[in-house]
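# The following comprises the amino acid sequence and a computationally predicted model.
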Amino acid sequence: MKLHDRYMRLGIMMTSGVLLAAVPVWANGFRNPPEGAAAFGHNGGKLILTEDASTISHNPANAAAITNNQVMVAATVIDTETKYSSPMVSDSTEDSIKLLPNVFAVMPIEDTRYVAGISLTTPFGQSTVWDKDGAFRYTAPYRAEMTVVNVNPTLAAKVTDQLSVGVGADVYWSQLDLKQVFPWSAVTGNRMSPDGTVQMKGEGQGVGGNVGLTYRPAPRHAFALTYRTPVKVDYEGDTTFSEFPAGAQAMGASPSSDFDASIEFPAVAALGYMFKLSDTVRIEADVEWIEFSRYDEVALDAGNNNALLHRPGDPNPTGPVVLRQDWKDTWTYGLGADWDVTREVTLRAGYIYLQSPVPDETLAPTLADADRSVVSIGAGFHSGPQSIDLAYGLSIIDSREIDNNQNPAYNGKYETRSQIVSVSYGYSF
């Protein structure tokens, strides 16, 4: 009976919080760092200071000031490791290096006041990998990956000399891929039964929108206001089990079944103010509000294998497992600065403070998020139609001591270190 109870508890442990599987490199839940090296170089002040093609992702209104066709490719490299310790065990994440690619293009529409643009970005996601035989072998996925790609067509216009506006669509494609060790001995009652692997993999799409406004009331002052709507993604795919034993069929289970889940990515509202200290030096302060409270629970549906995921005594043991998350809305506060050293060289610096939306009670190893500060520096080099931008950021991350989690297996101390490098190449014609 104890073996059976252990097995029945496995599912709820395994799925608790894993559907938002992300390396906690940036906090703010599962958001990624700002796209483009220029924006990341002054990461706390990106709404107005960012004036290249990557502004589509931050404030589409700024695209109205671009007078030439531009294309840009960017890559962000993230090095992150999380260490876990408790009185009984310790562990650390693996595969610490992650790559996030982004592409942008803008084109002024001839003989009009409009500028069209499109971007292909990775605003959410990344992955978490733990030791397959480590501290969370039977209680959390050893590999949990979320991929989110946003296709963002944009149209911007200069309404007056002081006011610019921009609007765009956010078309998300996303994939979830979760892998967990599965102890079949708890099903068969035979301690010699080998462990298997359960994989839940699905993909889905969602559509939202965004709008931006930039207002310059005087030569040295500018304000920006942006808003991105929430986007709901419904995932469909498969749940598969390896080493499937015949004894599991008595529960109505099978080696494969459907996989369905939904995630609502948050709305984001931001306000920025820029002041020009001199002809070559500008500073900006930004504040963001992120509506993570939309993520209060997640329902995981494994079709005819749902029974494997429920605790004993659940009122609907064949229905989807509904997991409490109770995330909270968060705020970010930041400063950024640019210095045009010469016509060809720009230096940048930034600071941003990011709150975590994840309460102690629902924190999971796949997203051991924490409040943090990120300090960044960067440089831009421009020669004729070409530009290269570089940026580096260091995260100063709070540790978390968890002792009241809804899954006792997740209690313990989580410590994360992270550094980020971003590079962009742009061409104007």
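Perfect, I can see it now. Numbers count the residues shown, from 1 in each chain.

# quick one: low-confidence ranges for the stretch 301-429 of the chain?
The stretch 301-429 of the chain contains residues with pLDDT under 70 at 311-313.

# Need the pLDDT of the nearest residue to P357 once chain neighbours are set aside.
In space, and not counting its chain neighbours, P357 is closest to F292: 3.7 Å by C-beta to C-beta, 6 or more residues apart in numbering. C-beta coordinates here come from the backbone N, C-alpha and C atoms, glycine included. Looking at F292, its pLDDT reads 93.

# for F292, what are its contacts?
Neighbouring residues of F292 by C-beta atoms under 8 Å, 6 or more residues apart in numbering: 28-29, 266, 327-330, 357.

# do you know how far it is from D329?
Distance, F292 to D329, using C-beta to C-beta, to the nearest Å: 6 Å.

# Find residues that contact each of these two.
Shared contacts of F292 and D329, defined by C-beta under 8 Å, 6+ apart, are found at P357.

# Please enumerate the helices of this structure.
2-15, 37-41, 46-49, 185-188 (DSSP state H).

# can you tell me which of the ones you listed the model trusts least?
Ranked by mean pLDDT, those bottom out at helix 2-15, which scores a mean of 41.

# can you map out the strands along the stretch 201-350 of the chain?
221-228, 231-241, 256-265, 268-276, 281-290, 297-300, 321-324, 330-340, 345-354 (DSSP state E, counting those that start in this stretch).

# quick one: the fifth one to strand 221-228, angle?
Just to be clear, that refers to strand 281-290. Going by axes from the mean of the first three to the mean of the last three C-alpha atoms, to 10 degrees, strand 281-290 is angled at 30 degrees with respect to strand 221-228.

# Which neighbouring elements make contact with strand 281-290?
The helices and strands touching strand 281-290, judged by 3 or more C-beta pairs under 8 Å, 6 or more residues apart in numbering; DSSP states H and E, are helix 46-49, strand 268-276, strand 330-340.

# how does it look with 10 Å?
helix 46-49, strand 221-228, strand 268-276, strand 330-340, strand 345-354 (3 or more C-beta pairs under 10 Å, 6 or more residues apart in numbering; DSSP states H and E).

# can you redo the ones you listed as JSON lines with distance to S395 and mean neighbour count?
Shown next, in JSON lines, are these (distance: least, C-beta to C-beta, whole Å; neighbours: other C-beta atoms under 10 Å):
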{"stretch": "helix 46-49", "distance to S395": "17", "mean neighbour count": "30"}
{"stretch": "strand 221-228", "distance to S395": "23", "mean neighbour count": "19"}
{"stretch": "strand 268-276", "distance to S395": "20", "mean neighbour count": "18"}
{"stretch": "strand 330-340", "distance to S395": "13", "mean neighbour count": "20"}
{"stretch": "strand 345-354", "distance to S395": "9", "mean neighbour count": "21"}
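
# Columns distance to Y172 on top of these, output as CSV?
Shown next, in CSV, are the helices and strands packed on strand 281-290 (distance: least, C-beta to C-beta, whole Å):
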stretch, distance to Y172
helix 46-49, 21
strand 221-228, 11
strand 268-276, 14
strand 330-340, 20
strand 345-354, 22
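
# sorry, back to before: now which of the contacts of F292 would you call buried?
Neighbour-count burial (16 or more other C-beta atoms under 10 Å) is assigned, among those, to 28-29, 266, 327-328, 330, 357.

# Closest one of those to L100?
N28 (14.8 Å; C-beta to C-beta).

# give me every residue that touches the residue nearest to G272 when sequence neighbours are not counted.
With C-beta to C-beta, 6+ apart as the criterion, G272 has its nearest non-adjacent residue at 3.4 Å, and that residue is L47. By C-beta atoms under 10 Å, 6 or more residues apart in numbering, the contact list for L47 reads 39, 55, 58-59, 61-62, 212-214, 222-226, 270-274, 284-288, 334, 336.

# Likewise for S256?
Residues in contact with S256, defined by C-beta under 10 Å, 6+ apart, are 199, 238-241, 244, 302-305.

# How about P365?
16-18, 21, 82, 84, 91, 93, 128, 130, 134-136, 139-142, 144, 407, 409-410, 412, 414.
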